[in-house]
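**Q** Sharing a sequence plus its predicted fold:
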Amino acid sequence: MASSGGPKSAASVLLLLNLVLYFVVTVMAAWVVNHGIERSHETASVLTPPARIFPIFFPVGNLATGFFVIFSLLAGVVGIATSVTGIHNVSQWNVPNLHAAAASSLLTLALTLLAMGLACKEIQLGWTNSNLRTLETITIVVSATQLVCTGAIHVGAEEAVARLRSLSGRV
């Protein structure tokens, strides 16, 4: 069995890294939403009626941009909250706090993977500007770091449960 310092330090470093990456994702996605809201009236006015009434239309990017930006913004906000509470839970390093961190980390991973899938679809469709390409890249990177972070927290939770079982005989 590995020492408890390995997963704890790895999870702490990854949570801090994810906090920064999710903050960047949130700021960039919020900028794209703001830009889309400001420019959508002038751009959508020349479109045909079905595209004009479509609620997630962005004048930048392609048809996947609206979904990608909304889910990136959602994943970013949830990721920031998960990273902040995860840092607290991992610093406590006991079974209930590790299980809470593992559950919230898994939810954030699911949202981030959804945003990453939409980023891949947007890359496949093409025609995006450099700001959207940066947001796509950071979303893909944060999905990988969130996956590793979720794994480290789950390993730590399993070690804590195993240590508790060996001390008391049952959990």
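**A** Ah, there it is.
**Q** Distance of Gly6 relative to Ser104?
**A** Note on Gly6: its distance to Ser104, by Cβ to Cβ, to the nearest Å, is 21 Å. (Each C-beta comes from the backbone N, C-alpha and C, glycine too.)
**Q** What of Thr128?
**A** For Thr128, the distance to Ser104 equals 31 Å [Cβ to Cβ].
**Q** helices and strands of the protein: which one has the lowest mean pLDDT?
**A** Between all helices and strands in the chain, the lowest mean by mean pLDDT, DSSP states H and E belongs to helix 49-52, at a mean of 58.
**Q** Listing request: residues of the chain with sub-threshold pLDDT.
**A** In the prediction, the chain carries residues with pLDDT under 70 at positions 1-5, 40-59, 169-171.
**Q** tell me which residues of the helix or strand hosting Glu158 are tucked away?
**A** Counting by DSSP states H and E, the element that carries Glu158 is helix 130-168. For helix 130-168, a neighbour-count test (16 or more other Cβ atoms under 10 Å) marks 132, 135-136, 138-140, 142-143, 145-147, 149-157, 159-160 as buried.
**Q** do the same with stretch 27-37
**A** Met28, Ala29, Val32, Val33, Gly36.
**Q** Do a quick rundown of the helices in this protein.
**A** In the chain, the segments counted as helices under DSSP state H are 5-44, 49-52, 65-92, 95-125, 130-168.
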